[in-house]
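Student: Sequence first, then the predicted structure, then my questions.
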Amino acid sequence: MKRFFKDHGIWVLLATAVISVALAAMSFFSTDASPLVDLAGIIASPFRSAYTQVAAWFNDKQNYYQDVTALEEENAALHKQIAEMEAQIRQAQDTMEENERLREKLNLPLERYELELELANITAHTVSNWTSSLTLDRGTDHGVAVDDCVISSTNDLVGIVSEVGTNWCTVLTIVDTDTSLGAQVFRTKDLGVAVGDFSLMGEERLLLDYLPAESQLLAGDLVMTSGLGGYYPSDLVIGTVAEVQRDDSGTASYAVLEPRVDFSELSQVFIIKSFDIVS
């Protein structure tokens, strides 16, 4: 039967339509259930059944086409996401190799961390005059805790977890005014504190303050977490120096930092749930 409708479905549908029109015309000119009308109903019954089956066949084909189209679109989206993640992994590998080369040139001891990471999706990005935060879809059910660091796929620091729920958490970005991190300039080894600033938060920038008076920073200098105190891992990239300024007394300098991460482009991040130094 299915084979028959597949080969002759159009003709059956056309014949059914013609007969239906004829029967409708007969019914219009007949005012009572005469034997002719009754006979017409008997004759029309199998055609109505055939019409119903043909219509159902067309409906099934349409639903099948829609399902296949949806699957193709979903498959294409998954391929794109896989390609993006592979690109992020390659970029992260390049960054790690570059860090190792720089350490070898400067004769710095190689310090490795064993990180326990949790991949999270960003579900909201809140920016106001008072805060810059992200909401993630991971919480206590996934081992996330307050003060956990959040990084991008290339080890750029995104922010710090400030509040945790069962399956969600809030992250204050590094430009938020409540952010304060021990920092170190990669080139000069000068230590300072990276802090959020009201006047800079709208520009998605932050300050590197409490620098030594003799510091000689240059625009473009890389600034990373110092790791002092053991609260956060060292060598997470905070950003680069955009400009260097001195306070009103001229005795102390501070820098404006440009984060390496673009918050508006983020869709996924990694939460550092724990870290250990590996020799």
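Tutor: Cool, got the structure.
Student: okay, CA-based contacts and neighbour counts for the rest of this
Tutor: OK.
Student: correct me, but Gly239 touches Ala219?
Tutor: No. When contacts are counted by CA atoms under 8 Å, Gly239 is not listed as touching Ala219 (11.2 Å).
Student: neighbour count winner among these two?
Tutor: Using other CA atoms under 10 Å as the criterion, Gly239 and Ala219 rank with Gly239 on top: 26 against 13.
Student: next SSE after the helix or strand the more buried one falls within?
Tutor: In this assignment (DSSP states H and E), Gly239 forms part of strand 237-246. Using DSSP H and E, the helix or strand that follows strand 237-246 in sequence is strand 253-259.
Student: hang on, the earlier thing: next, the angle strand 253-259 makes with the strand holding Gly239.
Tutor: If you take axes from the mean of the first three to the mean of the last three CA atoms, to 10 degrees, strand 237-246 sits at 150 degrees to strand 253-259.
Student: Check which helices and strands strand 237-246 sits against.
Tutor: When contacts are defined as 3 or more CA pairs under 8 Å, 6 or more residues apart in numbering; DSSP states H and E, strand 237-246 packs onto strand 157-164, strand 222-225, strand 253-259.
Student: Tell me the strands beside the second one, with direction?
Tutor: Paired with strand 222-225 in the same sheet, following DSSP bridges, are strand 180-185 (antiparallel), strand 237-246 (antiparallel).
Student: Val171: which of these is closest?
Tutor: Val171 sits nearest to strand 180-185 of all these, at 13.4 Å, using CA to CA.
Student: and the closest one, average pLDDT?
Tutor: Averaging pLDDT along strand 180-185 yields 94.
Student: what's the following helix or strand after it?
Tutor: Toward the C-terminus from strand 180-185 - assigned by DSSP H and E - lies strand 191-195.
Student: May I see the helices and strands packed on strand 237-246 organised as a markdown table, with distance to Asp190 added?
Tutor: Below are the helices and strands packed on strand 237-246 laid out as a markdown table (distance: least, CA to CA, whole Å):
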| stretch | distance to Asp190 |
| --- | --- |
| strand 157-164 | 19 |
| strand 222-225 | 9 |
| strand 253-259 | 11 |
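Student: Check the ones you listed for me and report the most buried one.
Tutor: Among the helices and strands packed on strand 237-246, strand 222-225 has the highest mean neighbour count (mean count of other CA atoms under 10 Å), at a mean of 25.
Student: partner residues bridging the nearest residue to Ile122 once chain neighbours are set aside?
Tutor: Excluding the flanking residues, the one nearest Ile122 by CA to CA, 6 or more residues apart in numbering is Leu136, at 4.6 Å. Bridge pairing for Leu136 (DSSP bridges) gives the partners Ile122, Cys169.
Student: Return the residues in contact with Leu136.
Tutor: By CA atoms under 8 Å, 6 or more residues apart in numbering, Leu136 lies in contact with 120-124, 168-171.
Student: for Leu218, same thing?
Tutor: Shown in contact with Leu218 (CA under 8 Å, 6+ apart): 241, 243-244.
Student: how close does it sit to Ser253?
Tutor: Distance, Leu218 to Ser253, by CA to CA, to the nearest Å: 12 Å.
Student: Quick check: neighbours shared by those two?
Tutor: Common contacts of Leu218 and Ser253, defined by CA under 8 Å, 6+ apart, comprise Val244.
Student: Residues in contact with stretch 164-171: which ones?
Tutor: Applying CA under 8 Å, 6+ apart, the contact partners of stretch 164-171 are 133-142, 144-146, 150, 159-163.
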